[in-house]
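Asks: need a 3D model of the sequence below.
(chains A and B)
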Amino acid sequence: MSKTIAEINEKIRSGKAVVFTAEEIIDVVHKQGIEKTAREVDVVTTGTFSPMCSSGAFFNIKQHKEKMKLGGGFATLNGVPAYAALAAADIYLGATALTEKDPRNANGGPGKFKYGGAHVIEDLVAGKKVVLTARAYGTDCYPSKFREQEIGLADMNEAYLFNPRNCYQNYNVAVNVSDKPIHTYMGKLKPGIGNANYCSAGQLSPLFNDPQYRTIGVGTRVFIGGAQGYVAWPGTQHNPAAPRSENGTPRTPAGTLALIGDLRQMSSEWLRAVSFTGYGVTLSLAVGIPIPILNEEILQDVSVTDAQITAPIIDYSRFYPYGEGEAKLGEVTYAELKSGSIRINGKDVPTGSFSSYSLAQKVASHLKNLIRNGGFQLTEFQAPLPGAITGKEA
Amino acid sequence: MRKFRAVLSFSEKTTEEPVIYRLITEHGIRINILRAGIDPGKRGRMVVEMSGESDRIDGGLTYLRSLDVQVEPLEKEIRRLEERCTSCTACIPHCPTGALNVDRTSWQVSFNAEKCVVCRSCLDVCIYQAMSAVEEFV
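Replies: This next block holds a predicted model:
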């Protein structure tokens, strides 16, 4: 049996679509089998809420009567520099940007990174105003050379999040084999493999549920930060050629998605700035992707469990930064990671996650309800992502 | 009989004074030191559990204040801003007493202030800045 996305959308419009989250579907398939479930279920929703540095927003600033050319000039928002090398009124603010006066890691200890680009984006989404300071060189058509004003999202023509990379399909489990604590983008790692940090929603994570990119592609409509956005492109570092388990899920970091969405539709419930001590500022974001159950293969993919997907354990003291030492200290399943402790070299090591499973559940449920209530229609992708077989090498 | 946990903050000028010795011998207060640390040239901090007769405790607190030792109830020290917490669990391996705990069915992280010994480990590892230390004397 098979369905089409058009048929599923018709059911969504009439309020009859059968929708489960990627966590709930596991039990449903377990109880009534693949064949019956594939016939009955229309959509399975995935969700994730985790930090991703490759995030940022484009803003188009409304011109004053006397116009200004920001392109080639300088612009900051609450002191955080934005990229001003586009047209007259366009800027891009990256999540990791820092104010000039931020000491970073220079004050004899790991920096705190309390405010950066992601915080500006969160402030704007929360409805706050921020201070735009802009300097330009002045032209005949854009004479203004200096501008300082408080602006909010209402003072911009457009404001949209454009993240070159999101939704990493699997990620490393980070540990520290050295004898000193280290501060990394995977958090604080205690010496002597004192803790192990991971970052994926596992069985709820979008690309773990569509490991071969059968339904998620360029143009797929997604829930992003509270808005309805789209997959704009394969994400940077998209690597479909990663080694895979028999169920098709990658055993190392693999596919990624470039995502786009309107900041004005987003809310700070689903978008948060974060500060990694000793590392920097980044942005955490809710992403939920619906997977249409077009056939039994797709249902098989979304019924994957935490016990069936694995992640590599990587040393972040020597191997990750310098490429020295043992490449991989082992492999663990997400079920083991979520138990709170994993075994590495005969030692029990406590685990912590940067991806919030609690919020991933909330995202997937929220998206499920949106679809059930007719508030979210599915799309056909317009172009596939480079696939596991046809894809480029890393 | 009174029993409570407190954070004692010592300034540089009290380093010559055997404060804990006097609290025990002269004021008759039972002291259990839970944590102690000194920043060279700055100040010392000690987390203690104090127990004893009420009037003796009052005498000890008066003595501490006469030395400008700040006494802060422990439960005022570390706070969790629930609205900022996403229950990600990054703090869990860093909390030595289990004050921060996750229910692995609901995936909600909870904070039990009674178990907290103000080691401050959570402050650096919470990326959402959901854990905060109250520095002011209450």
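
Asks: could you use CA atoms for every contact and neighbour count after this?
Replies: Noted.

Asks: which positions in chain B make contact with chain A?
Replies: B:86-93, B:104, B:106-108, B:124-129 (C-alpha under 8 Å from any C-alpha of the partner chain).

Asks: filter the residues you listed down to just the buried residues.
Replies: Among the residues of chain B next to chain A, the ones that count as buried by 16 or more other C-alpha atoms under 10 Å in any protein chain shown are B:86-93, B:107-108, B:124-129.

Asks: need the max-distance pair from those residues.
Replies: Farthest-apart pair in these is B:Trp107 and B:Asp124; separation 21.6 Å (C-alpha to C-alpha).

Asks: A:Leu53 against A:Leu285, yeah?
Replies: Let me fix one detail, which is that residue A:53 is Cys and not Leu. No: A:Cys53 lies out of contact with A:Leu285 (C-alpha atoms under 8 Å); the separation is 10.4 Å.

Asks: quick one: furthest residue from the center of chain B?
Replies: B:Thr105 (30.3 Å; C-alpha atoms, centre = their mean).

Asks: returning to that earlier point: look at A:Cys53 and A:Leu285 and report which has more neighbours.
Replies: A:Leu285 (24 against 20; other C-alpha atoms under 10 Å in any protein chain shown).

Asks: the closest residue to B:Asp103 other than its chain neighbours and A:Ile5, how far apart?
Replies: Leaving out its chain neighbours, the residue that sits closest to B:Asp103 by C-alpha to C-alpha, 6 or more residues apart in numbering or on different chains is B:Val109, at 6.5 Å. Going from B:Val109 to A:Ile5 by C-alpha to C-alpha, to the nearest Å gives 38 Å.

Asks: and A:Phe381, which of the three is it?
Replies: Three-state call for A:Phe381 (DSSP: H, G, I helix; E, B strand; the rest coil): coil.

Asks: residue contacts, it?
Replies: By C-alpha atoms under 8 Å, 6 or more residues apart in numbering or on different chains, the residues touching A:Phe381 are A:215-220.

Asks: how about low-confidence regions in the chain?
Replies: Picked chain A for this. Regions of chain A meeting the criterion pLDDT under 70 cover residues A:1, A:388-394.

Asks: please go with chain B instead
Replies: B:39-42, B:75-76, B:135-138.

Asks: switch to 90 and redo it
Replies: B:1-17, B:34-47, B:49, B:67-68, B:70-77, B:113-114, B:116-120, B:133-138 (pLDDT under 90).

Asks: residue of it nearest chain A, please.
Replies: When distances are taken as C-alpha to the nearest C-alpha, chain B reaches nearest to chain A at B:Cys88, 3.9 Å away.

Asks: now that residue: which helix or strand?
Replies: Using DSSP states H and E, B:Cys88 falls within no helix or strand.

Asks: touching, it and A:Ser356? I think so.
Replies: Yes: the pair B:Cys88 / A:Ser356 is scored as a contact, 3.9 Å apart, by C-alpha under 8 Å.

Asks: look up which residues are beta-bridged to the residue nearest to A:Gln308 when sequence neighbours are not counted.
Replies: Leaving aside its sequence neighbours, A:Gln308 sits nearest to A:Thr333 (C-alpha to C-alpha, 6+ apart; 6.7 Å). Applying DSSP bridges to A:Thr333 gives these bridge partners: A:Thr310.

Asks: next up, the contacts around A:Thr333.
Replies: If you count contacts by C-alpha under 8 Å, 6+ apart, A:Thr333 has them with A:306-311.

Asks: for A:Leu299, same thing?
Replies: A:Leu299 is in contact with A:34, A:37-38, A:293, counting by C-alpha under 8 Å, 6+ apart.

Asks: how far away is it from A:Gln32?
Replies: Distance from A:Leu299 to A:Gln32, counting by C-alpha to C-alpha: 13 Å.

Asks: B:Lys13 in helix, strand or coil?
Replies: Following three-state DSSP, the label given to B:Lys13 is helix.

Asks: please state the offset of the helix or strand hosting A:Thr282 from the chain centre?
Replies: Here A:Thr282 sits within strand A:280-288, counting by DSSP H and E. Strand A:280-288 has its C-alpha centroid displaced from the chain centroid by 6 Å (C-alpha atoms, centre = their mean, to the nearest Å).

Asks: so which elements touch the next helix-or-strand element following that strand?
Replies: Remark: after strand A:280-288, the chain's next helix or strand is strand A:290-292, criterion DSSP H and E. The helices and strands touching strand A:290-292, judged by 3 or more C-alpha pairs under 8 Å, 6 or more residues apart in numbering or on different chains; DSSP states H and E, are strand A:43-45.

Asks: circling back: which of the contacts of A:Phe381 tops the neighbour count?
Replies: A:Ile216 (28 neighbours).

Asks: A:Pro384 is in contact with that one, correct?
Replies: Yes: with contact defined as C-alpha under 8 Å, A:Ile216 counts as touching A:Pro384 (7.4 Å).

Asks: before we move on, the earlier item: how many other residues sit next to the residue nearest to B:Asp103?
Replies: B:Val109 has 19 neighbouring residues, counting by other C-alpha under 10 Å.

Asks: list the contacts of it.
Replies: Residues counted as contacts of B:Val109 (C-alpha under 8 Å, 6+ apart) are B:87-89, B:100-103.

Asks: distance check, it against B:Leu81.
Replies: The value you get for B:Val109 to B:Leu81, if C-alpha to C-alpha is used, is 12 Å.

Asks: hmm, who's touching the longest helix seen in chain B?
Replies: Scanning chain B for the helix with the most residues, using DSSP state H, yields helix B:54-66. By C-alpha under 8 Å, 6+ apart, the residues outside helix B:54-66 that reach it are B:1-2, B:19, B:23, B:27-29, B:50-51, B:70-71.

Asks: any chance of the residues you listed in TSV, with neighbour count and secondary structure too?
Replies: TSV is the format used below for these (neighbours: other C-alpha atoms under 10 Å in any protein chain shown; DSSP: H, G, I helix; E, B strand; the rest coil):
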residue	neighbour count	secondary structure
B:Met1	9	coil
B:Arg2	12	strand
B:Val19	16	helix
B:Leu23	21	helix
B:His27	20	coil
B:Gly28	17	coil
B:Ile29	24	coil
B:Met50	19	strand
B:Ser51	18	strand
B:Gln70	20	strand
B:Val71	19	strand
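
Asks: all helices of the chain, in order?
Replies: Going with chain A. For chain A, applying DSSP H gives helices covering A:5-13, A:24-40, A:117-125, A:296-302, A:319-322, A:334-338, A:357-372.

Asks: I was after chain B.
Replies: Going by DSSP H, chain B shows helices at B:19-25, B:54-66, B:121-125.

Asks: dump those into CSV; add distance to A:Val363 as well.
Replies: Converted to CSV, those look like this (distance: least, C-alpha to C-alpha, whole Å):
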stretch, distance to A:Val363
helix B:19-25, 52
helix B:54-66, 51
helix B:121-125, 24
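
Asks: to A:Val274, which of those lies closest?
Replies: With C-alpha to C-alpha as the measure, helix B:121-125 is the member of the helices of chain B nearest A:Val274 (10.8 Å).
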